[in-house]
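1. prediction below, plus the sequence it came from.
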Amino acid sequence: MKKWLINHYGFSKRSLNGLLFLLLLIVAVTLAPAIYRRYFLKPPTIDPTEAQALQQLELIDRYTKRNDKNTRSEIEDSPTRPSIHYQIFDPNLIDEKQWQQFGLSYKQAMAIVNYVKKGGRFYKPEDLKKMYTISPEKYKALLPYILISESKPFEKRAMTAYPKREPVMVEINTADTLELDKIRGIGITFAKRIIKYRERLGGFYSKEQLFEVFGIDTPKFNEIKDQIKIELEAIRKLNINAAEFEDLKRHPYLSFKQMNAIIQYRKQHGPYKSIADLNKVLILNPETIQRIAPYLSF
């Protein structure tokens, strides 16, 4: 065996001995727990008195569980039930114990009680016939004692009428959150979002810019567009020939590269004379220039 391993796998004699030792060690570690449990671990000694007590407790537990199960089964399904006692009742108001006094089993009583709890209602004595748990004979026996209250506890409450908001017209570039909240369809959350975005822009020059506010979609825009107006004079402008990176970085229409290109071009070629000069900044496309034009001064 050793010669075969040495010849075919190139093991040295020392390496082969080490490998065999390692294999024997793995086998010994694997078998050690089983050998220890079989030959060295002694089972715990139990006092005869304790063993007898445990056995008695186990027997009592089994007997109790069996008796509890049999008792419930007898109460629910046994033909020998407690004596029947009839009295005037409203089927919408009594609980399962009262139904059992009328001779119904626990399961039958719970079926009726659950029906009422889930919103069911008996409006007239004949409605009790619909319950599959009540036989025709039992219905005839109960009929003389049924008295349904005239009150209607399950009627829906009248809808509370809330006053409608009067139509308003709010200037969106100067309004605070309280004024914006007066717009029908704009709550305090949307009011805060609109103001936060307005501060980044410098103001709105078009109602359609509201689509850029998070959460405002077409239905919401159509609801509020006729309640707002825009004053262009309120737009905050930036002097493009004096603005630094910190002044431009909050504006949502410009990327960092575009802001840096605007400043670098001005440093290299001098002040911008008009919006047309921004076309010379290669990184700016006509669409971007058109969007930022209302916010710039020269």
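-> On my side now, so go ahead. Residues are numbered from 1 along each chain as shown.
2. just the pLDDT at residue 207, thanks.
-> At residue 207, the pLDDT value in this model is 94.
3. identify the residues contacting stretch 124-137?
-> Residues from elsewhere that reach stretch 124-137 (CB atoms under 8 Å, 6 or more residues apart in numbering): 91, 104, 107-108, 111-112, 115, 121-122, 139, 142-143, 146, 148. Backbone N, C-alpha and C define where each C-beta goes, glycine included.
4. only the buried residues of it, if you could.
-> For stretch 124-137, burial by neighbour count (16 or more other CB atoms under 10 Å) applies to 125, 128, 131, 134.
5. next one: stretch 211-221
-> Using 16+ other CB under 10 Å as the test for burial, stretch 211-221 gives 213, 216, 220.
6. just the ones of the residues you listed in helices?
-> Among the buried residues of stretch 211-221, the members found in helices (DSSP state H) are residue 220.
7. closest to residue 14 among the buried residues of stretch 211-221?
-> Residue 14 lies nearest to residue 213 out of those, by CB to CB, at 78.4 Å.
8. hmm, that closest one is touching residue 194, no?
-> Yes - under the criterion of CB atoms under 8 Å, residue 213 makes contact with residue 194 at 5.5 Å.
9. surely residue 122 forms part of a helix?
-> No - read with DSSP: H, G, I helix; E, B strand; the rest coil, residue 122 is coil and lies in no helix.
10. if I pick it, what's in contact with it?
-> Residue 122 touches 91-92, 116, 128, 148, counting by CB under 8 Å, 6+ apart.
11. just give me the closest of the buried residues of stretch 211-221 to residue 295.
-> Ranked by distance to residue 295 (CB to CB), these are led by residue 213 at 17.0 Å.
12. for residue 22, see how far away that closest one is.
-> 70 Å (CB to CB, to the nearest Å).
13. count of neighbours near residue 203?
-> Using other CB atoms under 10 Å, residue 203 has 20 neighbouring residues.
14. before we move on, what about residue 253?
-> The burial count for residue 253: 16, using other CB under 10 Å.
15. so how far is residue 99 from it?
-> For residue 253, the distance to residue 99 - CB to CB - is 73 Å.
16. is it true that residue 272 touches residue 289?
-> No - here residue 272 lies out of contact with residue 289, judged by CB under 8 Å, at a distance of 11.3 Å.
17. quick check: neighbours shared by those two?
-> Common contact partners of residue 272 and residue 289 (CB under 8 Å, 6+ apart): residue 278.
18. contacting residues for the residue most central in space within the chain?
-> Among the residues of the chain, the one closest to the centroid is residue 215, at 19.5 Å (CA atoms, centre = their mean). When contacts are counted by CB under 8 Å, 6+ apart, residue 215 touches 190, 193.
19. and the pLDDT for it?
-> 91.
20. how much space separates it from residue 135?
-> Residue 215 sits 60 Å away from residue 135, going by CB to CB.
21. please apply the same query to residue 205.
-> From residue 205 across to residue 135, the span is 79 Å (CB to CB).
22. and residue 292, that's in a helix?
-> Yes - if the criterion is three-state DSSP, then residue 292 is within a helix.
23. that one: neighbour count?
-> Other residues close to residue 292 by other CB under 10 Å number 22.
24. same deal with residue 175?
-> Neighbour tally, residue 175, other CB under 10 Å: 19.
25. on the three-state scheme, it is what?
-> coil.
26. quick check: the gap between it and residue 252.
-> Residue 175 is 20 Å from residue 252, by CB to CB.
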